[in-house]
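>>> quick one: sequence and predicted model below, then my questions.
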Amino acid sequence: MPQSGFLIENRIFDPAETLSRPDLAALQLERLRDLVERVAHVHFYRDHFTLHDITRRSIRTLDDLRRLPFTTKDDLRRHQPLGFLAVPRKDLARIHGSSGTTGRPTFVAYTPDDLRIWSGLCARFLVAGGLKPEHTVQIAFGYGLFTGGFGLHYGVELVGAAIIPAASGNTRRQLDIIHDLQPEALICTPSYALTIADAARDAGLDPRALSLRYGHFGGEPWTEDMRREIEEELDILAFNNYGLSEVIGPGVSGECAARNGMHLQEDHFLVECIDPETLAPVAEGEPGELVITTLTRQAMPMIRYRTRDIARIYRAPCPCGRNTLRMSRVAGRSDDMLIIRGVNVFPSQIEEALLRVDGTTPHYLIEVSRPGTLDQVTVKVEIRRESFSDRMDRMQALRERIAREIHTVAGIRAEVELVEPRSIERFAGKAKRVMDKRGLTET
Amino acid sequence: MKLQQLSLFLENRPGRLGAPLEAIAAEGINLMTLSLADTAQFGILRLIVREWERAKQVLEHAGWVVNLTEVVAVDVPDRPGGLAEVLRVLESAGLNIEYMYAFSLRRGDKAILIFRFEDPDPAIDVLKTAGLHVVDAEELFSHFP
């Protein structure tokens, strides 16, 4: 716990956050019916609805959600770009993107109403976690296709606080800005918060003496241990929030002052927790894959989107007065996606990058570690005769070429290590492509 | 006039250099000379052996990636300036050396220089025209009874 004694009062941004369960359920049902109507002409859903004779009237209770089809990342990819639009293209106000399993982003679109709602969702958890109009907030998330920067930016703006849109990178400059402008809050990935603390120490500053009093962290998995470390290092309160661009971006859930699980914003999202193998719901409180239905998105509504994020969902009274379900930290993935410094990376992207380089093998291993505060990726690639030269300059060029292709396809900087043939362990069944040594999953 | 050089890819960690050398020693293949180019992460081992075909087979069979390259050997008097003279010749002919290494013979006062050129044939012509002694395999290995 921070020693500076910064305490968060229990504040609620939007009265809708404290709806009673019956009122919330009634609102959800109404919105779900509207949703079925709104997506009826989206090609992907229309076929299923026609086949199974689903209309607004088919949804009599919230349990009827299970009659609707799942939507997967692959489905999104197959209908790129913008095949899931439920409004005319001219009504769009913004397009973001997330990394896909191939080199091209999966686009997500927003109408002006979507953006307004999104800002409100971010404002809710920001206020729950200490944000006040008189505060200054430094946002060190990337501003771009990634939803983190702009999502949080407009949330802070809606609350009326001052924003320093520092964006990501250049840690020394981040530190100078904190030093000069004295923001109360920091918004970034949890690992970047630790990087800033390290940079402060390197610059001869006491990170605990910085102006920061609290921070909202997300965009990558983290642990309670990391929370303790961030709070200890920077003498701040650290809040967790969750979201994903496919359903909106940050704002699906976030912590309140109790910092005990993230309140799901159930008036805008119906969240299920399923067994990724059987697709049946898991018992309440058990870990499972989160499946999210957007109740209010206009531009690109999602029905039962399979997030692949593994977490627990539970109901328990919270002293903050919100009656929503809460979710645990994300404890893993039900697919092989990695999150590297906030960037989603699939092993298949690394494979695609290797395929672009002649003479490399299908035998590779991705090692992810966190030697200091930031993720480091090493891709081990077996050398083969076609790619081996007796000349060192050619071998170095090969390494650089592979690293460049990985950066192009996956958007990350990786250390490429050439290894001897047959040195990567072979598996009879599915190859093990990833060794994640970061210890980000809690048991 | 050219020599066959075997190159191997090795990871830069303890024990990796010894293994291929032991593999060819076990087959009774004698090593004339070797050179190692390394980075922090991997190395390239280059070998000159008389029985290069058999050595290549042995090493490939044991799982190494082996590359065959033609290199040029020149013998020079084993005294100060011996190498410099050869380099002057190559330089004035505008020939680029990819890499080179040298060793002394056990008998006599000769040093052998091994050169890797992008294209060995013009280099051999230049060396010969300058009156330098390009050593072929037969001659080189005759030093090893």
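It's in.
>>> could you give the number of residues near residue A:237?
By the measure other C-beta atoms under 10 Å in any protein chain shown, the count of residues near residue A:237 is 25. All C-beta atoms are positioned from the backbone trio N, CA, C, and that covers glycine.
>>> for the closest residue in space to residue A:148 that isn't next to it in sequence, give me the pLDDT.
In space, residue A:148 comes closest to residue A:141 once its chain neighbours are excluded; the distance is 3.8 Å by C-beta to C-beta, 6 or more residues apart in numbering or on different chains. In this model, residue A:141 is scored at 93, pLDDT.
>>> please tell me I have it right and residue B:38 contacts residue B:17.
No: assessed by C-beta atoms under 8 Å, residue B:38 is found out of contact with residue B:17, at 9.3 Å.
>>> out of those two, which sits in the busier spot?
Using other C-beta under 10 Å, the more surrounded residue of residue B:38 and residue B:17 is residue B:17, with 17 against 13.
>>> looks like that one contacts residue B:36 (just checking).
Yes: here residue B:17 lies in contact with residue B:36, judged by C-beta under 8 Å, at a distance of 7.0 Å.
>>> neighbours of residue A:19, how many?
Residue A:19 has 19 nearby residues by other C-beta under 10 Å.
>>> separation between the closest residue to chain A within chain B and residue A:394?
At 3.5 Å from chain A, residue B:7 is the closest residue in chain B, using C-beta to the nearest C-beta. Distance of residue B:7 to residue A:394, given as C-beta to C-beta, to the nearest Å: 11 Å.
>>> what about these two, which has more around it?
Legend: neighbour count by other C-beta under 10 Å for residue B:7 and residue A:394, higher for residue B:7 (22 against 13).
>>> any idea what that one is bridged to?
Counting by DSSP bridges, residue B:7 forms beta bridges with residue B:46, residue B:67.
>>> which residues sit in contact with it?
Applying C-beta atoms under 8 Å, 6 or more residues apart in numbering or on different chains to residue B:7 gives the contacts A:388-390, B:44-47, B:66-69.
>>> from residue B:67, how far off is it?
Distance of residue B:7 to residue B:67, computed by C-beta to C-beta: 4 Å.
>>> what sits in contact with each of those two?
A:388-390.
>>> give me the element residue B:115 is part of.
strand B:110-117 (DSSP states H and E).
>>> which helices and strands sit right next to the helix or strand just after that strand?
Counting by DSSP H and E, the next helix or strand C-terminal to strand B:110-117 is helix B:120-129. On a contact count with 3 or more C-beta pairs under 8 Å, 6 or more residues apart in numbering or on different chains; DSSP states H and E, helix B:120-129 meets strand B:66-77, helix B:82-92, strand B:133-135.
>>> distance to residue A:335 for the ones you listed - can I get that in CSV?
Shown next, in CSV, are the helices and strands packed on helix B:120-129 (distance: least, C-beta to C-beta, whole Å):
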stretch, distance to residue A:335
strand B:66-77, 39
helix B:82-92, 57
strand B:133-135, 61
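>>> JSON lines for these, including mean pLDDT?
Shown next, in JSON lines, are the helices and strands packed on helix B:120-129 (pLDDT from 0 to 100):
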{"stretch": "strand B:66-77", "mean pLDDT": "93"}
{"stretch": "helix B:82-92", "mean pLDDT": "91"}
{"stretch": "strand B:133-135", "mean pLDDT": "93"}
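>>> what would these look like in CSV with mean neighbour count?
What follows is those, written out as CSV (neighbours: other C-beta atoms under 10 Å in any protein chain shown):
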stretch, mean neighbour count
strand B:66-77, 19
helix B:82-92, 14
strand B:133-135, 18
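>>> who wins for proximity to residue A:219 among these?
Nearest of the helices and strands packed on helix B:120-129 to residue A:219, taken as C-beta to C-beta: strand B:66-77 at 44.9 Å.
>>> now the angle from that closest one to strand B:110-117?
Here strand B:66-77 points in a direction 140 degrees away from that of strand B:110-117 (axes from the mean of the first three to the mean of the last three C-alpha atoms, to 10 degrees).
>>> can you dump the C-alpha coordinates of strand B:66-77 into CSV?
C-alpha atoms of strand B:66-77 as CSV (Å, rounded to 0.1, in the frame of the first residue of the first chain):
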residue,chain,number,x,y,z
VAL,B,66,27.8,-28.4,-43.9
ASN,B,67,28.6,-26.0,-46.7
LEU,B,68,31.3,-26.6,-49.4
THR,B,69,33.3,-23.7,-50.7
GLU,B,70,36.3,-23.4,-53.0
VAL,B,71,39.1,-21.4,-51.5
VAL,B,72,42.6,-20.5,-52.8
ALA,B,73,45.8,-21.4,-51.0
VAL,B,74,49.0,-19.4,-51.5
ASP,B,75,52.3,-20.3,-49.8
VAL,B,76,54.6,-17.5,-48.8
PRO,B,77,58.0,-17.4,-47.0
